[in-house]
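In: Below are the sequence and a predicted model for it; my questions follow.
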Amino acid sequence: MRHIQRNPKEYKDQRNPVYRIGLIKQEFGDRVAASIRPPELADWLDAVKNDKTGKPLAPASRNRLKVTLSSMYRYGKERDKVQVNPARDVKQKKIGNGVIRFLREEEEERIRKVLQNAVDACPTLNKQMRKRLEHRIHELTISLGTGMRKGERYGLQRPDVDLERRRITVRETKNGEVRYIPMNDDVYGAFRALLAMHLSRKNRAEDMPNQSPLDSIFGIGDNKKWWIETLKKAKVKNYRWHDNRHTFCSRLAQAGVPLKTIQELAGHKTIQMTARYAHMDQRHLENAVSFLNSSRAA
């Protein structure tokens, strides 16, 4: 944990490792690391339950716990504390792509109405609160218009947003490669509005100053609470903030944008990841079956 906390740039997630390492310590804390065997780890990972639902961990959660354990062994090898890594020999669980959840236009309208109603209901004199409510609308616009991952977006700093060239430089990417995203008119307007607000991130407590850079673009670093409340009021179900990224890719595919272009904009490492959205553009299928029309045969 000390290693993780000393390297926040390498370990951007400073919250979840605490929970995962706690689970590992609870089960294996009194064991010699080299004595633990892969089958034992596999059985334990399969038995770990979600603390909220009481059900076994979802495949993705299980895989993340396994990766955390493997990382601990790898760090131990680097520090000459252990010579084995049994977690490396535990197979990852397969994760199906599932159904891509994207935001329908009528759902987006309901969400935006809820957000705007909150702004309208805010007293004019409460300028700071009103700014933060407007901030939410701009967050949504930028998320839907850029497809950036949550960490990429909230990691943006002022030099990364070039209003003159209307271009975003995404540095903190999942695959470690810098990418550039052009701004459409909506995104450009949202960034201009955010910068004019001059909002800064709040401290978590008096003795816990915020660690975010002073030139962070977004005045908040997490939107989980207000987003869940908004979805509830808008009656939009089974939709996560990350699904804005799916919406971005889906809408591009529906508009006939080539998959290679979508891959570049979204920052997908492989074209296979982008190919999940290929079915969104049905025009080539419709054109294909049209050749079977009886009127053409005549």
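Out: That came in fine, so what should we check first?

In: any idea which helix or strand of this protein has the worst average confidence?
Out: Least confident element among the helices and strands of the chain, by mean pLDDT, DSSP states H and E: helix 294-297 (a mean of 63).

In: how many neighbours does residue 140 have?
Out: Using other CB atoms under 10 Å, residue 140 has 21 neighbouring residues. For glycine as for every other residue, the C-beta is placed from the backbone atoms N, C-alpha and C.

In: swap in the one 3 residues further on?
Out: Counted by other CB under 10 Å, the residues lying close to residue 143 total 23.

In: Isn't it up against residue 241?
Out: Yes: counting by CB atoms under 8 Å, residue 241 is a contact partner of residue 143 at 7.1 Å.

In: The strand or helix carrying residue 26: which residues count as buried?
Out: Residue 26 is part of helix 16-28, with elements assigned from DSSP states H and E. Buried residues in helix 16-28, counted by 16 or more other CB atoms under 10 Å: 17, 20, 21, 23, 24, 27, 28.

In: so what's the fifth one up against?
Out: This points to residue 24. 65, 68, 69, 72 (CB atoms under 8 Å, 6 or more residues apart in numbering).

In: same deal with the third one?
Out: Contacts were defined as CB under 8 Å, 6+ apart; by that measure residue 21 touches 1, 68, 72.

In: any idea how far the second one lies from residue 231?
Out: Here the criterion is CB to CB, to the nearest Å. By it, residue 68 lies 29 Å from residue 231.

In: so how far is residue 223 from residue 176?
Out: 25 Å.

In: And these two? Which one has more around it.
Out: Taking neighbours as other CB under 10 Å, residue 176 and residue 223 compare with residue 223 leading, 19 against 8.

In: I'd say the more buried one and residue 140 touch.
Out: No: using CB under 8 Å, residue 223 is not in contact with residue 140, being 9.0 Å away.

In: those helices in this structure, which residues are they?
Out: Secondary structure of the chain, counting by DSSP state H: helices at 2-6, 16-28, 38-47, 59-78, 105-121, 127-146, 150-154, 185-197, 224-234, 243-254, 259-266, 271-274, 283-290, 294-297.

In: so what are the domain limits for the protein?
Out: Domain ranges of the chain: 2-89, 105-280, per automatic domain parsing.

In: hey, which of these is tucked in deepest?
Out: The highest mean neighbour count among the domains of the chain, using mean count of other CB atoms under 10 Å, belongs to domain 105-280: a mean of 16.

In: Got the phi and psi for the residue nearest to residue 266 when sequence neighbours are not counted?
Out: With CB to CB, 6 or more residues apart in numbering as the criterion, residue 266 has its nearest non-adjacent residue at 5.0 Å, and that residue is residue 147. Taking degrees, to the nearest 10, you get phi 70, psi 10 for the backbone angles of residue 147.

In: Could you list the low-pLDDT ranges of this structure?
Out: 96-98, 202-212, 282-285, 295-298 (pLDDT under 70).

In: Show me what stretch 220-233 is in contact with.
Out: Everything outside stretch 220-233 that qualifies as a contact, by CB under 8 Å, 6+ apart, is 111, 114-115, 132, 135-136, 139, 154, 199, 201-202, 210, 212, 237, 239, 241.

In: Max pairwise distance over these: which two?
Out: 210 and 237 (33.0 Å; CB to CB).

In: Would you mind measuring the gap between the ends of stretch 140-158?
Out: 19 Å (CA to CA, to the nearest Å).

In: I meant to write stretch 156-170 there.
Out: End-to-end distance for stretch 156-170, by CA to CA: 7 Å.

In: how distant is it from the center of its chain?
Out: The chain centroid and the centroid of stretch 156-170 are separated by 20 Å under CA atoms, centre = their mean, to the nearest Å.

In: cool, stretch 244-261 as well?
Out: On CA atoms, centre = their mean, the centre of stretch 244-261 falls 17 Å from the chain's centre.

In: repeat for stretch 50-61
Out: For stretch 50-61 - counting by CA atoms, centre = their mean - the centre lies 19 Å from the chain centre.

In: Stretch 6-18 too?
Out: 16 Å.

In: Which of the contacts of stretch 220-233 sits closest to residue 279?
Out: residue 239 (19.5 Å).
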